[in-house]
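Trainee: This is a predicted model, with the sequence first.
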Amino acid sequence: MVSYSDATNEELLNELEELRRQYARYKADIIRLDMTRGKPSADQLELSEKMLGIIQTNADCFDDNGLDCRNYGLLDGIPEAKVLFADVLGVRPEQVILGGNSSLNMMFDTFGRAFCFGNLNSLKPWSQEKKVKFLCPAPGYDRHFAICQQFNIQMIPVPMLADGPDMDLIEKLVSEDASVKGIWCVPKYSNPTGTVYSDEVVRRFAHLKPKACDFRIFWDNAYAVHDLYEEAPQILNILDECEKAGNPNMAYMFSSTSKITYPGSGVAVLAASVDNIEHIKKQIGVQTIGPDKLNQLRHVRMFKNKDMLLQQMKKHADILRPKFETVLHILERDLGGKGIAKWSKPLGGYFVSVDALPGCAKRIYHLCDEAGVSLTMVGATFPYGNDPEDSNIRLAPSYPPVSELKIAMERFTVCVRIAGIEKILADREISAC
């Protein structure tokens, strides 16, 4: 049997009966396999073990300029760390503010400051506007959407296409509606689809003509150096393109070392125009006396320069690549040609996105849960948790070892096949009981 849509009812019912027998064996074999979030594995975390012993004595706590990193000062980061991360992101050190371990925290704070006080170009705080809307490419990152919900901001889904979000729709919405204040973007290996924004898409972002004078692009460059293969796609620098387009203040770029060193003790980065940075520094000067400068110093001494950091990323890729290839191999082996699912084939990042037949994602999620496989909550990749097609499922292959990943994926594909056949039979008004 190849495509289920071409199979007879009898063939489908026979297939379904066999799949249900297999599924019953999975349910009887009590196991718990976690593919919910893109967490680095223990093997990845061990790559940074050297960093833990870099600072051992008081004498190790001084940077190259003699600054005592144990003490107050430099709320935007130590100079050596700003140079390192500016080089990684392709910006200038004066365009960088360094934070704690979480870029999500920096995004939340940046959003919150605009809400409470306005940004550099605001006429008033967003909280004082009659209505504030945010554009949300979908499928997308659930935690971006959660920030909007936290501030009661109306989210407008924008379809994600092969080369980035639907720019025709974005240009229309941004130019016509002053209540549209921004957009979330993951431009390289977009979460969860793995999409890489094309040069044309980045340039169209930079040339937007927003009706809102304080419109901002939240450019979450989380996977800037997270390539799985040597021949990696590159994206244009949004800050450079905005400056060329005469919109130097329109974008904020975010990144972190969460999946480079330690998620629990990394360094987050905010990059923007110099004017934006100066404005933000005045605001955060009230909020904080500065992040963990000793941690910044550890990172600088661990990597020293961009090339050393990229060598670290090759080691991550060597660990991750077999996991992604395992997922893609089993998807193709078990679902290829059956006409009940399609999936992304990312060259980097942390996720594989699967689209089942419409109306099947919730069914697959519950089948997997009962079979011992934990997935990201269905709908999480859409604003308000509402996938209008009930079809998208995000797979996170990074955390389990390959041996467990094989088991999880074999159970997953059986669940997809069961749900797919049930849907086809239901559409034909044939009982699958």
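Mentor: Here it is on my side, so go on.
Trainee: On the C-terminal side of the helix or strand harbouring Lys342, identify the next helix or strand.
Mentor: Element membership of Lys342, judged by DSSP states H and E, is strand 341-343. Next helix or strand after strand 341-343 toward the C-terminus (DSSP H and E): strand 352-356.
Trainee: Just the CA coordinates for that following strand, please, in CSV.
Mentor: Extracted C-alpha coordinates of strand 352-356, given in CSV (Å, rounded to 0.1, in the frame of the first residue of the first chain):
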residue,chain,number,x,y,z
VAL,A,352,11.3,19.3,12.9
SER,A,353,7.8,20.5,12.0
VAL,A,354,5.2,17.9,10.9
ASP,A,355,1.9,18.7,9.3
ALA,A,356,-0.6,15.8,9.5
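Trainee: tilt between the very next helix or strand once past that strand and strand 352-356?
Mentor: Going down the chain from strand 352-356, the next helix or strand is helix 361-370, by DSSP H and E. In terms of direction (axes from the mean of the first three to the mean of the last three Cα atoms, to 10 degrees), helix 361-370 departs from strand 352-356 by 120 degrees.
Trainee: what's the next helix or strand after helix 361-370 packed up against?
Mentor: Per DSSP H and E, the first helix or strand lying C-terminal to helix 361-370 is strand 373-375. In this structure, strand 373-375 packs against strand 33-35, helix 361-370, strand 392-395, helix 402-427, with contacts taken as 3 or more Cβ pairs under 8 Å, 6 or more residues apart in numbering; DSSP states H and E. For glycine as for every other residue, the C-beta is placed from the backbone atoms N, C-alpha and C.
Trainee: check contacts around the closest residue to Tyr350 other than its chain neighbours.
Mentor: If the residues on either side of it in the chain are set aside, Tyr350 comes closest to Gly38, at 3.4 Å by Cβ to Cβ, 6 or more residues apart in numbering. When the contact criterion is Cβ atoms under 8 Å, 6 or more residues apart in numbering, the partners of Gly38 are Asn191, Lys259, Tyr350, Phe351, Ala396, Ser398, Tyr399.
Trainee: Strands of this structure, start to end?
Mentor: Shown for the chain, the strands assigned by DSSP state E span residues 33-35, 96-98, 133-138, 154-161, 164-165, 180-185, 216-220, 251-256, 268-271, 341-343, 352-356, 373-375, 392-395.
Trainee: Report the central residue of this protein.
Mentor: The chain has Asn191 as the residue nearest its centroid, 3.7 Å off, counting by Cα atoms, centre = their mean.
Trainee: Tell me how many other residues crowd the spatially closest residue to that one that is not a sequence neighbour.
Mentor: Excluding the flanking residues, the one nearest Asn191 by Cβ to Cβ, 6+ apart is Tyr141, at 4.4 Å. Tyr141 sits with 24 neighbouring residues when counted by other Cβ atoms under 10 Å.
Trainee: Quick check: Tyr141 touching Val186?
Mentor: Yes: the criterion here is Cβ atoms under 8 Å, and Tyr141 meets it with Val186 at 5.9 Å.
Trainee: quick one: common contacting residues for these two?
Mentor: Asp220.
Trainee: what about the spatially closest residue to Leu104 that is not a sequence neighbour, neighbour count?
Mentor: Nearest residue to Leu104, sequence neighbours excluded (Cβ to Cβ, 6+ apart): Arg143, at 5.7 Å. Here the count is done by other Cβ under 10 Å, and Arg143 has 14 residues near it.
Trainee: residues touching the residue nearest to Asn191, list them.
Mentor: If a contact means Cβ under 8 Å, 6+ apart, then Tyr141 has Trp184, Val186, Asn191, Pro192, Asp220, Thr381 as its contacts.
Trainee: And the least confident helix or strand in the chain by mean pLDDT, what does it pack against?
Mentor: Every helix and strand in the chain was compared by mean pLDDT, DSSP states H and E; the lowest is strand 33-35, with a mean of 90. Using 3+ Cβ pairs under 8 Å, 6+ apart as the contact criterion, the elements in contact with strand 33-35 are strand 373-375, helix 402-427.
Trainee: Looking at the contacts of Tyr141, which is nearest Ile238?
Mentor: Nearest to Ile238 out of the contacts of Tyr141 is Asp220 (Cβ to Cβ; 10.9 Å).
Trainee: Tell me how far that closest one lies from Gly349.
Mentor: Per Cβ to Cβ, to the nearest Å, Asp220 is found 12 Å from Gly349.
Trainee: Show the residue spans covered by the helices in this structure.
Mentor: 9-28, 42-45, 79-89, 103-117, 142-150, 167-176, 199-206, 238-244, 274-287, 293-303, 306-335, 361-370, 402-427 (DSSP state H).
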